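**Student:** pasting the sequence and the predicted model now:
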Amino acid sequence: MTLGVQFTGTLAPNASANYFTFGWQPGWDVLWQIMPTSTGTVPQIQWTVSTELSGTAITYWILVKNLTAATIDFEGRYAILNA
């Protein structure tokens, strides 16, 4: 298994943002997790992942939503299960 952080971000209260990352191998099984890094609050984040086959590579589209009234920082983490 291969683990890593692909991106970081900040979301304003009740905001959402769409992130993308490209060039992933189609044969890989990739899991995505959005992990809050803000301290002092209990941030709640919701995310959805969509995929797009672009030629011979996968593009992941990750929509991240802040469900709270506080600004939050987060990391977009991945796990490649079969790399």
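**Tutor:** Right, received. Where do you want to start?

**Student:** every contact and neighbour count from this point should use C-alpha atoms.
**Tutor:** Noted.

**Student:** burial of residue 33, as a residue count?
**Tutor:** Residue 33 is flanked by 16 other residues according to other C-alpha atoms under 10 Å.

**Student:** what's near enough to touch it?
**Tutor:** 76, 77, 78 (C-alpha atoms under 8 Å, 6 or more residues apart in numbering).

**Student:** now flag whichever of those residues is closest to residue 32.
**Tutor:** residue 78 (4.7 Å; C-alpha to C-alpha).

**Student:** isn't the closest one right next to residue 7, touching?
**Tutor:** No - counting by C-alpha atoms under 8 Å, residue 78 stays clear of residue 7, with 9.7 Å between them.

**Student:** looking at those two, which is more packed in?
**Tutor:** Between residue 78 and residue 7, counted using other C-alpha under 10 Å, residue 78 has the larger neighbour count: 17 against 14.

**Student:** now the residue most central in space within the chain: how far from residue 68?
**Tutor:** Centroid check for the chain by C-alpha atoms, centre = their mean gives residue 76 as the closest residue, at 3.7 Å. Residue 76 is 18 Å from residue 68, where distance means C-alpha to C-alpha, to the nearest Å.
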